[in-house]
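# Predicted model and sequence follow; I will ask about them next.
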Amino acid sequence: MVPFKITDSCRVRVAVRLRPKNAEELAHGDDFDSCVELQPECKRLKLKKNNWSCESYKFDELFSENASQKRVYEVVAKPVVEARKYKIYFGITLQSVLEGYNGTVMAYGQTGTGKTYTVGHLGKDDPSGRGIMVRALEHILSSVSSETDRVAISYLQLYLESVQDLLALDKTNIPIVEDPKTGEVSLPGAAIVEIKDLEHVFQILQIGEANRHAANTKMNTESSRSHAILTIHLQRSSRIKEENNSAFSNDVQGIFPDDVPLVLKSKLLIVDLAGSERIDKSGKASLY
Ligand SMILES: Nc1ncnc2c1ncn2[C@@H]1O[C@H](COP(=O)(O)OP(=O)(O)OP(=O)(O)O)[C@@H](O)[C@H]1O
């Protein structure tokens, strides 16, 4: 069960995921248990300083090293994409991307802690390995109408102060513009590619991944030092009457008269942040 409370619906929710030990840690016989303990029943994580002292932190969700990609998606990102099911269960008002609200999912942590695996892993041949980006696109594509709705993506990298287009490598230093009236932020010039099906999703994300690698090689940097930002742009069009009880929630249906044409525009941002470590600890710069 997802532990939403009524007051929780608008705040940032934070989940922690422990990754499995890597080959090096296994070879060294590193013992995670001596420094970290998960207490899933009370959503607490204990950081052990030594045998006598520890610090305890509460989170919205904890995932052990055995947690599947599917479970992480369903608990962390699915409620951002589609809130209706959760409303039914918890009787609260959540606002989701499929209902016309913007949402963001960000992965934060040190280099090598599993951010890219969690959000960006493609899992083309192994669906169980798919990360949040692929699962969110799969979920959205299966929930919208190909006749009336439009799903498109842009994929950008932020390195130092420069925004680079991962779908068109020649586009660098893309400006960030904020509309003073609406507050809407846009990046004029960034490629926005309309997506039709999952096969197309893989093609585009693979291009983005290869370009990220190429751009970082050219700049002599590493993926861990740049932020990657996938934006899913969703536009849904309907006449409320025609869509009654299907595409739009009761909240949306209640606001407009039956025969008014309605266009809902929303964005889902999925962000793979740069490694959070400090230069004095790792010898690498962090970019905040
Ligand atoms: N839950 C997991 N299950 C299996 N392997 C994982 C998991 N999380 C991370 N890994 C593996 O650990 C390694 C490091 O993960 P990843 O590259 O995602 O880290 P990162 O935090 O994105 O690092 P960076 O900041 O350097 O980009 C990768 O080989 C990845 O496949």
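Great, that's in hand.
# Whichever helix in the chain runs longest - contacts with which helices or strands?
Counting residues, the longest helix in the chain under DSSP state H turns out to be helix 198-218. Applying 3 or more CB pairs under 8 Å, 6 or more residues apart in numbering; DSSP states H and E, one finds that helix 198-218 makes contact with helix 132-143, strand 149-159, strand 227-239. C-beta here means a position set from N, CA and C on the backbone, and glycine is covered the same way.
# let's see 7 Å
helix 132-143, strand 149-159 (3 or more CB pairs under 7 Å, 6 or more residues apart in numbering; DSSP states H and E).
# close to the ligand, is the longest one?
Going back to what we said before, that points to helix 132-143. No: in terms of CB under 6 Å from any ligand atom, no part of helix 132-143 sits within range of the ligand; the closest distance is 11.8 Å.
# How about that helix, which residues are buried there?
By 16 or more other CB atoms under 10 Å, the buried positions in helix 132-143 come out as Ile132, Met133, Val134, Arg135, Ala136, Leu137, Glu138, His139, Ile140, Leu141, Ser143.
# so who does the last one touch?
To tie it back to what came earlier, the one meant is Ser143. Ser143 makes contact with Glu82, Leu98, according to CB atoms under 7 Å, 6 or more residues apart in numbering.
# Can you give the distance of the helix or strand that contains Arg71 from its chain's centre?
Taking DSSP states H and E as the definition, Arg71 sits inside helix 69-72. Here the centre of helix 69-72 is set off from its chain's centre by 13 Å, with CA atoms, centre = their mean, to the nearest Å.
# Kindly tell me how buried Ser238 is, as a neighbour count.
21 (other CB atoms under 10 Å).
# Go ahead and confirm it touches Thr148.
Yes: at 6.0 Å, Ser238 and Thr148 qualify as touching, with contact defined as CB atoms under 7 Å.
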